[in-house]
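> Okay, sequence plus prediction incoming.
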Amino acid sequence: MTILKPTRREILTMAAAAPALTLPVSLRAQTLGAPGVSNPAHFSFTLGEAKITVVSDGHLETPASGLGVNIDPAEVQAFLTSYFLSPETNYSHTNHLVIEIGGAVVLVDVGSGNRFLPTAGDLMGNLESAGIDPASITHVIITHAHPDHVWGIRDDFDEAILPDAQFFIGGAEYDFWMQDGLATSVPTELQQFVVGAVNSLTAEGAEWEMLSNEQEIAPGVRVIDTPGHTPGHMSVIVESNGQQLIALGDAMNHAYMNFARPDWYNGFDMDGMETVATRLRLLDMAATDRMAVLGYHFPFPGVGHVRREGEAYQFVPALWQW
């Protein structure tokens, strides 16, 4: 497996090489201003007998030059602008899934805590605002060990913040991050990711159960292998009364590009071609089976469906109900 390891220098070089946009003002990205007061940070619905709540950990702002790194940067910038998105900054949300089913309360990923970007780390407070006591969580599933998904697992004393929960992660994902010498074999820019993953996976009070493909964690909640973004990445499927939803993690992380241009991959997809193969499989599965999807980095709340559109696909946001 080829591991893509773009350095900061490479990312900056790509950005500098891209021609400046000269589109008319009317065709440039349009950004709505921030609200005067905070918007709600949770969204609830039902899926069969399951109660589902999407809870935000905040948002991330990263260089848009990290998107579509296998494509001409000018084409990527034009795509983003056509969707009213900034060609310079990728503003992405962080949507966590809480599943209440059969007496279990399952949280998918734990956010970044106060260790990553200052715009994220709000998950615990937002859980309480949503009426979910963090102490009531019985199961924690980690899709992969990137900072915004696992660094929030420990407090300032390196102890697990949810010590009474059972913790689950893919066996291949755990083995990848915990392998001897990994921190010294990756580029400098990724060394902090490795150290942070190891510190999170060894937090006191978190006893890990290793998952394999199609393993059930709680009634109606199972995982499937979705590698590429990381070697052991997994996605979570919820099924109840014939209805299904799949929490994609970062197997798909852009609500427009991943659907309209599924063959484009990003700088932090560790294996670009495997990411594309996994994405195409997920898109076909969700469209064929009419499954709901949750994108971790999609616009909040990130829930919708997959519609085929010729050789590509389209994300159709779910209709809110009050």
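Received the coordinates, thanks.
> When you work out contacts or count neighbours from here on, use the C-alpha atoms and nothing else.
Noted.
> remind me, longest helix of this protein?
helix 272-289 (DSSP state H).
> packing partners for whatever helix or strand comes next after that one?
Using DSSP states H and E, the next helix or strand after helix 272-289 towards the C-terminus is strand 292-294. Applying 3 or more C-alpha pairs under 8 Å, 6 or more residues apart in numbering; DSSP states H and E, one finds that strand 292-294 contacts strand 243-247, strand 303-309.
> In the sheet, which strands lie alongside strand 292-294, parallel or antiparallel?
Strand 292-294 pairs in its sheet with strand 243-247 (parallel), strand 303-309 (antiparallel), by DSSP bridges.
> avg pLDDT for that strand?
Here strand 292-294 scores 98 as its mean pLDDT.
> what does that strand rub up against?
By C-alpha atoms under 8 Å, 6 or more residues apart in numbering, the residues outside strand 292-294 that reach it are 95, 244-249, 286, 302-306.
> which of the residues in it are buried?
Residues of strand 292-294 classed as buried: 292-294 (neighbour count, 16 or more other C-alpha atoms under 10 Å).
> for stretch 152-171, same thing?
152-154, 159-163, 165-171.
> And for stretch 217-229?
Quick answer for stretch 217-229 (16+ other C-alpha under 10 Å): 217-218, 220-229.
> Please apply the same query to stretch 117-136.
Per 16+ other C-alpha under 10 Å, stretch 117-136 contains these buried residues: 117, 120-127, 130, 132, 134.
> so for that stretch, what's the average pLDDT?
Mean predicted confidence for stretch 117-136 is 96.
> Stretch 151-167 now?
pLDDT averaged over stretch 151-167 gives 94.
> what pairs with Ala120 across the strands?
Where Ala120 sits in a bridge, its partners, by DSSP bridges, are Gly58.
> quick one on the thing from earlier: the buried residues of stretch 217-229 in strands, which ones?
217-218, 221-225 (DSSP state E).
> For the chain, which segments are assigned as strands?
Using DSSP E, strands in the chain cover 42-47, 50-63, 89-101, 104-108, 139-142, 166-170, 208-211, 216-218, 221-225, 234-240, 243-247, 292-294, 303-309, 312-317.
> If I take the second one and strand 42-47, what angle do their directions form?
Counting by axes from the mean of the first three to the mean of the last three C-alpha atoms, to 10 degrees, strand 50-63 points 140 degrees away from the direction of strand 42-47.
> what about stretch 240-253, how long is it end to end?
25 Å (C-alpha to C-alpha, to the nearest Å).
> Show me which positions of that stretch end up buried.
240, 243-253.
> Run through who's touching it.
47-50, 97, 143-144, 220, 226-229, 233-239, 258, 275, 278-279, 291-298.
> run the last query once more with 7 Å
47-50, 143, 220, 226, 229, 235-239, 258, 275, 279, 291-298 (C-alpha atoms under 7 Å, 6 or more residues apart in numbering).
> now those: which count as buried?
Going by neighbour count (16+ other C-alpha under 10 Å), these have 47, 50, 143, 220, 226, 229, 235-239, 258, 275, 279, 291-298 buried.
> Apart from its chain neighbours, what residue comes closest to Trp151?
Ser112 (4.5 Å; C-alpha to C-alpha, 6 or more residues apart in numbering).
> How many residues are close by that neighbour?
Here the number of neighbours of Ser112 (other C-alpha atoms under 10 Å) works out to 25.
> Now for it: which residues touch it?
Counting by C-alpha under 7 Å, 6+ apart, Ser112 has contacts 120-121, 147-152.
> for Phe298, same thing?
92-93, 253-255.
> Hmm, His42 is touching Gly58, no?
No: with contact defined as C-alpha atoms under 7 Å, His42 does not reach Gly58; the gap is 10.9 Å.
> still on that earlier bit, with distance to Gln321 as extra columns, can I get the buried residues of strand 292-294 in CSV?
Output for these, formatted as CSV (distance: C-alpha to C-alpha, whole Å):
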residue, distance to Gln321
Ala292, 15
Val293, 17
Leu294, 17
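> closest to Val186 among these?
Proximity of those to Val186 was ranked by C-alpha to C-alpha; the top entry is Leu294 with 30.6 Å.
> What residues are bridge-paired with the closest one?
Under the criterion used (DSSP bridges), Leu294 bridges to Ala247, Val303.
> Met234 and Ala318: what is the separation?
23 Å.
> neighbour count winner among these two?
Met234 (33 against 14).
> My guess is the more buried one contacts Gly228. True?
No: look at Met234 against Gly228 with C-alpha under 7 Å: they stay out of range, at 9.9 Å.
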